[in-house]
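sequence plus predicted model, see below.
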Amino acid sequence: MNWIPALVPALLAADAVRVRLRLAPLRRVRVDERGRERPVERGRERSAAPAERRERSVEALAGGTHGALTVEGAVVTGRVRRAAIEHARGTGVQVLDLVPSDLPVERALDLARLVNPRSYRANPLAPGRGAGVAVLADGEVLSRAGLPPGPLDPGDLGAATARLRAFARVDARKGVAAGLAVVPCRTPRVPVCRGRRAWLRGLGVAPARVLARSMGAYALVLAALLADPLWGLVAAAVYSLSPYLIFTGGPISPRDLHLASLLRLVRTPWSWWRTLAERPSSWERRGTAVREQARASYQAEYARGVGRFLGPARDDCPWCGSIAVSRYVTSGDIVQIKAGRFTLERCRDCGHVFQNPRLNAAGLEFYYRDFYDGVGAEAAGRMFARQGRYYRSRADLVRRHLMPRNWLDVGTGHGHFCRTASTMLPSTAFDGLDQGTGVGEGARRGWLRRAYQGQFTELMDELFGRYDLISMHHYLEHTLDPLAELDAAAKILGPGGHLLIELPDPESLFGRAFGRFWVSWLQPQHLHMIPVGNLEEALAVRGLRVVARQRRAAHQRYDVLFLVLLLLRTFGPDADRPWAPAPPTLRDRALRALAIGCAVPLVPLAVLLDRLVVPLIPGTSNAYRVLARKDEG
């Protein structure tokens, strides 16, 4: 086993090469004495552009149409700003993160950990990322995002960076109009770790996740030193010299390159401690105040009891009316871990699964609160942003059968699906409907042409005859009366119109095998779980003929992963969640830390099982998709 320590230097060197290649696509913009940009790629100046392409003055290019958001203490000079604006126009981006050419080593490594410049524009749902110093944005984008230019707290700048990319236009060929560029803009001469934690949290990134990557490399060096001092010293040398390998001759020339390399074994642990121990920024203090306000509100709700959130139990199946119903799954709130117990019953005649007793209006408000908005908005946004593969699959199914002109997505949220589908169907206009306020935000972002807020069944007159396709993706299971929703869709669609529905599949083998820890039961939000046969019969009764059905293509590869995560969350829930029934104790925090530690080896294994093993097991698809056409007459 003496060969294992010898692998460590090779692994560290390979990782340094990987980071260097990751940062290589960053384009460096230099500024001449007149303030115009001179693009430099891989350290070599390109030939000057033809004079006719430079006819307009830099001042005219600026024209007051762009604004710069900077972190407190950073300065973007007029010449750099004008060159950056010209670069943005030339590359067709509306949002440009300005990466200082002297960005310190640790912050430059953070940038490499957070974003891949080569593919940054490709994913329309990926969150905004940057160096945390300055962001240049088109004035129209700033206006829609509600972000006035000016110096910001690190956390505020992080949040603004993530938000601005969502407002940049998306093009089917070029991707998102957002990018990064290296400019001669000096970083503030403050300690490297100042504001780092707040900036990461503002981006929506857990600081522990970033630090864990740094700690992993450091742990390899220590392990090599303990296993074989000779190879350990080689590993330490490679670790210390890695910044030279990463940055020498590259687009970023860190101002502390020599010092960071010489003292890396000492400075790195110091940076962990300083990042975690820094006093909360103003942005963090505001976030804490919001959470404490939410905690007080939840405690008042708990004092009144949660039994009042359930209506009366029913004796028959809401789908077919049969009285042959029996208890199927009993569960608590498996995601947020709010107080309460819920029961799913199954009809033995038609197979319909439904919550009984069902949440009333007050219960729906309580258990949806801070899930998709409020405190939980950030986590929900990250979850939806990872669904691009499934969104494209839905759009591809439709594209094979029709090219819709006007598409209404019911239960759209912020319109994540519509933003993705628009890159595949550029001639289609996407509108969205939802009960939450997120649908209005989706329209402001430009993800939706038109936003409707309210109940689908109550907006039939306004929607009648406007759409040749209506979609309901993981929507019907949340509704009080799914049959009424289907009635509304059938009335709104004209002859030849299509209805696309995607639902969790209650007939999946994992539904019974995993019990209450099968994430698709999603209690207490899912009120109805409809077998595909039941849905197709209901569509036929309403004059809708099924033209396509998908099961495996609609399957989302997360059953085993969420089984692990939900088990760990039940064992060690987030101690700081504002809806916890009681304030966190030392025991709560210890259990949470233990759960996170257990996740480190279990989560990668779960991901492998979901991707490689589960697809081979028949009957495990967790969702199905149906496309139906309304026939003439």
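Received it, and whenever you're ready, just let me know what you need.

could you grab the helix/strand/coil label for residue 344?
Using DSSP: H, G, I helix; E, B strand; the rest coil, the structure places residue 344 in strand.

might one say that it is in contact with residue 331?
Yes - the criterion here is C-beta atoms under 8 Å, and residue 344 meets it with residue 331 at 7.4 Å. Bear in mind the C-beta positions are built from the backbone N, C-alpha and C, glycine included.

list the residues that contact both of these two?
521, 523 (C-beta atoms under 8 Å, 6 or more residues apart in numbering).

looking at those two, which one has more neighbours?
Each of residue 344 and residue 331 has its neighbours counted (other C-beta atoms under 10 Å); residue 344 has more, 23 against 19.

show the contacting residues for that one.
327-331, 353-356, 521, 523, 529.

what do you get if the cut-off is 7 Å, keeping everything else the same?
328-329, 353-355, 521 (C-beta atoms under 7 Å, 6 or more residues apart in numbering).

neighbours of the closest residue in space to residue 126 that isn't next to it in sequence, just the number please.
With sequence-adjacent residues excluded and distances taken as C-beta to C-beta, 6 or more residues apart in numbering, residue 126 is closest to residue 385, at 6.4 Å. If you count neighbours by other C-beta under 10 Å, residue 385 ends up with 17.

for residue 385, what are phi and psi?
Backbone torsions for residue 385, taken as degrees, to the nearest 10, come to phi -70, psi -20.

residue 138 touches residue 94, doesn't it?
Yes - Residue 138 lies in contact with residue 94 (C-beta atoms under 7 Å); the separation is 4.2 Å.

and the residue nearest to residue 188 when sequence neighbours are not counted, what element?
Counting by C-beta to C-beta, 6+ apart, residue 188 lies nearest to residue 73, which is 3.6 Å off, once chain neighbours are set aside. Assessed by DSSP states H and E, residue 73 sits outside every helix and strand.

for residue 460, what are its contacts?
Under the criterion of C-beta under 7 Å, 6+ apart, the neighbours of residue 460 are 488, 491-492.

report pLDDT for it.
Per-residue pLDDT puts residue 460 at 92.

state the distance from it to residue 528.
According to C-beta to C-beta, to the nearest Å, residue 460 and residue 528 sit 21 Å apart.

residue 286 now?
39 Å.

looking at these two, which is more packed in?
Higher neighbour count among residue 286 and residue 528: residue 528, with 23 against 14, using other C-beta under 10 Å.

now the helices for the stretch 501-633 of the chain?
509-513, 532-541, 559-571, 586-608 (DSSP state H, counting those that start in this stretch).

so which of the ones you listed is the most packed in?
helix 559-571 (a mean of 19; mean count of other C-beta atoms under 10 Å).

give me the contact list for that helix.
Contact with helix 559-571 is made by 334, 337, 510, 514, 517, 519, 591, 595, 598-599, 602-603, 606-607, 609-610, 614, 622, as judged by C-beta under 7 Å, 6+ apart.

what's the answer for stretch 183-202, then?
By C-beta under 7 Å, 6+ apart, stretch 183-202 touches 29-31, 71, 73-74, 76, 80, 84, 98, 100-104, 106-107, 132-134, 153-159, 207, 210, 271, 274-276, 278, 281, 283-284.

neighbours around residue 516, how many?
15.

and for residue 612?
Neighbours of residue 612 (other C-beta under 10 Å): 10.

where's it relative to residue 606, distance?
Taken as C-beta to C-beta, the span from residue 612 to residue 606 is 11 Å.

what residues are up against the residue nearest to the spatial centre of the chain?
In the chain, the centroid-proximal residue (C-alpha atoms, centre = their mean) is residue 382; its distance is 1.9 Å. Applying C-beta under 7 Å, 6+ apart, we find residue 382 in contact with residue 204.

strands of the stretch 201-350 of the chain, start to end?
For the stretch 201-350 of the chain, applying DSSP state E, counting those that start in this stretch gives strands covering 325-332, 341-347.

need those strands in CSV with mean pLDDT and distance to residue 165, can you?
CSV is the format used below for the strands of the stretch 201-350 of the chain (pLDDT from 0 to 100; distance: least, C-beta to C-beta, whole Å):
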stretch, mean pLDDT, distance to residue 165
strand 325-332, 96, 36
strand 341-347, 97, 37
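
quick one: which of the ones you listed is nearest residue 436?
When these are compared by C-beta to C-beta, strand 341-347 sits nearest residue 436, at 21.6 Å.

note down every partner strand of the closest one and its orientation.
strand 325-332 (antiparallel), strand 353-355 (antiparallel) (DSSP bridges).

among those, show me which one is buried the most.
It is strand 353-355: most buried of these by mean count of other C-beta under 10 Å, with a mean of 25.

tally of neighbours for residue 392?
Around residue 392 there are 16 other residues, counting by other C-beta under 10 Å.

any figure for the gap between residue 226 and residue 216?
For residue 226, the distance to residue 216 - C-beta to C-beta - is 16 Å.

apologies, that question was intended for residue 81.
Counting by C-beta to C-beta, the gap from residue 81 to residue 216 is 39 Å.

check residue 4 too.
For residue 4, the distance to residue 216 (C-beta to C-beta) stands at 16 Å.

equivalent analysis for residue 502, please.
Taking C-beta to C-beta, one finds residue 502 at 38 Å from residue 216.
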